[in-house]
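In: could you work out the structure for the sequence below:
(chains A and B)
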Amino acid sequence: MSKRIDVEHLNVYYGDFLAVEDVNINIEPRSVTAFIGPSGCGKSTFLRTLNRMHEVIPGAYAQGKVMLDGEDLYGRGVDPVTVRSMVGMVFQRPNPFPTMSIRDNVLAGVKLNNKKISKSDSDALVESSLKGANLWNEVKDRLDKPGSGLSGGQQQRLCIARTMAVKPDVVLMDEPCSALDPISTIAIEDLIHELKEQFTVVIVTHNMQQAQRVADKTAFFNIEGTGKPGKLVEYDDTATIFQNPREKATEDYVSGRFG
Amino acid sequence: MSTNTLQSSTSPARKNTLTSGQRPKWLVPVVMVGAVIVGAALSALLGFNIALWAIFAAVIFLIAAPIAVTVIEGGRKGSDAALTYVVYAAFILAVIPLISVIWTVLARGLPTMSVEFLTETMGGITGMVDQRAADSGEHPPGGALQAVLGTVIVTFWATLFSVPIGLLTAIYLVEYSNDNWLGKIITFLVDVMTGVPSIVAGLFASALFGLMLGPNTRMGIIGAIALTVLMIPTVVKATEEMLKIVPNELREASYALGVRKWRTILKVVIPTSISGIASGVTLAIARVIGETAPLLVTVGYFERVNLNAFNDWMATLPTFIYQQLMRPVAPTAPDPSTDRAWGAALILIVFVMLLNLIARLIARAFAPKTGR
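Out: As a prediction, the model looks like this:
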């Protein structure tokens, strides 16, 4: 399953501080969308509002609408836990559960929620998720070994497999390659291309080449100064953003004449 | 090897200029020997004894060695040497009482140790029996079985009460309170509780059950309550520290999979920190196992085995030691009682050391594995 995301007039606050102001964006299903922009411009904060993960931070809240196939994630009585099982997330630093084996890490979403699953079903789920994350061949002989024994790139793909195993509609990635070497980065980027067959993928990246390689559409976020809220400056096809942007700020940023 | 080629390229007789101006290796040992000799001479002047000798030698060394280093290598190295030797001296000072206690307890307790001492009670050991043993100089009769069992029972109940309360308190403080006013009050109260004198905890438990069951009620469970009051703050503090060092990334990873908060805590946070929690709990047990005062006023003392914590007086190792020393069975021949006290002290120390060892083993067994 893959769902579209429509955001209308979204403001994100940390306590009294307005971190992201008035974002309107429409993200198509089965596409890859990249968020670029300088540090502190609110792109990660905005990404985390898409599965209500920013609420984990005390005092953080959002106003506005985030529609997943027309259903408002911030509607009355919506349980953030349900939202997060539909919108998965991969983090900047690989974070497999250190107490669990590779196999249990993949099954974490099922097992931590105490869902009953038969041995054959769980075996099939582990295999399909790891194959989906291009990790199966590297770990199939050591599924019972701890996940923390893998390399950084393998750990990140394990985290992607873990996210895919809960069968979300949308996968959010917060700088998934910034802690990885170029070879592992290419492995993840190849994977992102395959993921978009099944999921809506949204990725935050500081690497503009990466945005050009993986994204169908790109959104540029910017901030006017410290203490000011971050804003969505421009959102368009990746080629347009990088070659023929409408806004001066976007052109300055993507051409390196920032600031 | 690169160092070999480097050396062969320069003449072997030439000294490395980078190592010039350093003190010779023999300097500090020679100063040490000198300090020992001068210390011996000085103490001989005042009337020789080993303690005086050690103090003189240490003081002379602590003054002379840094001065010697300063003269050769300059002020920075000199103050480095001074602080290094002061730290060593402080460490040795701190360890002396510990080694002395262990040595004394081993020396005086080991002769009493026997199968008999571990399997028999004080039942039937009257003043006459002790008097006869003291006169003939044989192994002290009777044993501490009832005290060993009593200590195990009381500590078991105390652990059973304090661990769930302490664990849940720490979970609230770390995971739910967000530093709100309730969390701040609880933290403050836990800190205050850490400083409650143990006799006050004993009086609290005694008074509590005195109100319910009549004054002077004594039984194992009351002692366990008193120890619980002492254990809870230790367990809370240890668990709190352990939960705090679980990386937030793991909690977020779990939330992002659509796992509820309480399940995340139960299945991710606690398993990740269980080794530290378990060793913290074990050390908390080690801390209360030797408490005497609260047990005297809540559990009392008994000569025979009583396995029921909910009825009647009970012996524990600390009260056993107290009883044997303060009220010898045969007032005219206290030696067998004193020997038994040292024997019980040895058992208690072995208990504490075993608990520390178990804490380390638990920490290693539960620690997250990193094998490939």
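
In: please count neighbours and contacts with C-alpha atoms only from this point.
Out: Fine.

In: now B:Met326: how far from chain A?
Out: To chain A, B:Met326 is 52 Å away according to CA to the nearest CA, to the nearest Å.

In: neighbours of that residue, how many?
Out: Neighbour count for B:Met326, taken as other CA atoms under 10 Å in any protein chain shown: 13.

In: got it, and B:Gln324?
Out: When neighbours are counted by other CA under 10 Å, B:Gln324 comes out with 21.

In: what's the answer for B:Ile50, then?
Out: 10.

In: for B:Ile321, what is the enclosing helix or strand?
Out: Take DSSP states H and E as the rule and B:Ile321 turns out to sit in helix B:317-326.

In: can you name the next helix or strand after that helix?
Out: For helix B:317-326, the following helix or strand on the C-terminal side (DSSP H and E) is helix B:335-366.

In: bridge partners for the residue nearest the centre of chain A, pull those for me.
Out: Nearest residue to the geometric centre of chain A (CA atoms, centre = their mean): A:Leu172, 1.7 Å. Taking DSSP bridges as the rule, A:Leu172 bridges to A:Met89, A:Val202.

In: for it, what are its contacts?
Out: By CA atoms under 8 Å, 6 or more residues apart in numbering or on different chains, the contact set of A:Leu172 is A:Leu47, A:Val87, A:Gly88, A:Met89, A:Val90, A:Val201, A:Val202, A:Ile203.

In: chain A: helices as residue ranges?
Out: Applying DSSP state H to chain A gives helices spanning A:43-49, A:80-86, A:102-106, A:108-111, A:119-132, A:136-139, A:152-165, A:182-195, A:208-214, A:238-243, A:248-254.

In: the first one near chain B anywhere?
Out: No: legend: contact between helix A:43-49 and chain B by CA under 8 Å from any CA of the partner chain is lacking; minimum distance shown is 9.9 Å.

In: contact residues of chain B facing chain A?
Out: For chain B, the residues found near chain A under the criterion CA under 8 Å from any CA are B:178, B:249-250, B:252-260, B:263-264, B:267-268, B:271-272, B:368-372.

In: which of those fall in helices?
Out: Applying DSSP H to the residues of chain B next to chain A, the entries found in helices are B:Glu249, B:Leu250, B:Glu252, B:Ala253, B:Ser254, B:Tyr255, B:Ala256, B:Arg263, B:Thr264, B:Pro271, B:Thr272.

In: list the contacts for the third one?
Out: When you say that, I think you mean B:Glu252. Residues in contact with B:Glu252 (CA under 8 Å, 6+ apart) are A:Met53, A:Val56.

In: separation between it and A:Val23?
Out: Distance from B:Glu252 to A:Val23, counting by CA to CA, to the nearest Å: 24 Å.

In: now the fifth one
Out: According to CA to CA, B:Ser254 stands 28 Å off from A:Val23.

In: so the two - more neighbours on which side?
Out: Legend: neighbour count by other CA under 10 Å for B:Ser254 and A:Val23, higher for B:Ser254 (27 against 19).

In: my guess is the more buried one contacts B:Arg263, does it?
Out: No: between B:Ser254 and B:Arg263 there is no contact under CA atoms under 8 Å: 9.0 Å.

In: where does the stretch 201-350 of chain B have low pLDDT?
Out: Scanning the stretch 201-350 of chain B for pLDDT under 70 picks out no residues.

In: residue of it closest to chain A, please.
Out: Distance from chain A to each residue of the stretch 201-350 of chain B (CA to the nearest CA) is smallest for B:Gly258, at 4.2 Å.

In: skipping adjacent residues, who's closest to that residue in space?
Out: Closest residue in space to B:Gly258, ignoring its immediate chain neighbours: A:Ser85 at 4.2 Å, by CA to CA, 6 or more residues apart in numbering or on different chains.

In: got the contact list for the one you found?
Out: Here A:Ser85 is in contact with A:Val166, A:Lys167, A:Pro168, B:Ala256, B:Leu257, B:Gly258, B:Val259 (criterion: CA under 8 Å, 6+ apart).

In: try A:Phe221
Out: A:Phe35, A:Ile36, A:Gly37, A:Pro38, A:Cys41, A:Gly42, A:Lys43, A:Gly230, A:Lys231, A:Leu232, A:Val233, A:Glu234.

In: now do it against chain B, distance only.
Out: 24 Å.

In: can you tell me which residues in chain A are near chain B?
Out: Checking chain A against chain B by CA under 8 Å from any CA, the hits are A:51, A:53, A:56, A:58, A:81-91, A:95-99, A:108-109, A:112-113, A:145-150, A:163, A:166.

In: ChimeraX command to pick out the buried ones of these?
Out: Buried members of these, defined by 16 or more other CA atoms under 10 Å in any protein chain shown, are picked up in ChimeraX with:
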select /A:51,53,81,83,84,85,86,87,88,89,90,91,95,96,97,98,99,108,109,112,113,145,146,147,148,149,150,163,166
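
In: show me how chain B divides into domains.
Out: What automatic domain parsing lists as the domains of chain B is B:23-110, B:127-366.

In: does the helix or strand encompassing B:Ile221 pack against any helices or strands, and if so which?
Out: Taking DSSP H and E as the criterion, B:Ile221 maps to helix B:220-244. Other helices and strands packing on helix B:220-244, by 3 or more CA pairs under 8 Å, 6 or more residues apart in numbering or on different chains; DSSP states H and E, are helix B:145-171, helix B:181-194, helix B:198-213, helix B:270-288, helix B:293-298.

In: out of these, which is the most enclosed?
Out: The highest mean neighbour count among the helices and strands packed on helix B:220-244, using mean count of other CA atoms under 10 Å in any protein chain shown, belongs to helix B:293-298: a mean of 26.

In: circling back to that earlier point, got JSON lines for the ones in helices among the residues of chain B next to chain A, with distance to B:Ala64 too?
Out: Converted to JSON lines, these look like this (distance: CA to CA, whole Å):
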{"residue": "B:Glu249", "distance to B:Ala64": "54"}
{"residue": "B:Leu250", "distance to B:Ala64": "54"}
{"residue": "B:Glu252", "distance to B:Ala64": "58"}
{"residue": "B:Ala253", "distance to B:Ala64": "59"}
{"residue": "B:Ser254", "distance to B:Ala64": "61"}
{"residue": "B:Tyr255", "distance to B:Ala64": "62"}
{"residue": "B:Ala256", "distance to B:Ala64": "64"}
{"residue": "B:Arg263", "distance to B:Ala64": "63"}
{"residue": "B:Thr264", "distance to B:Ala64": "60"}
{"residue": "B:Pro271", "distance to B:Ala64": "54"}
{"residue": "B:Thr272", "distance to B:Ala64": "51"}
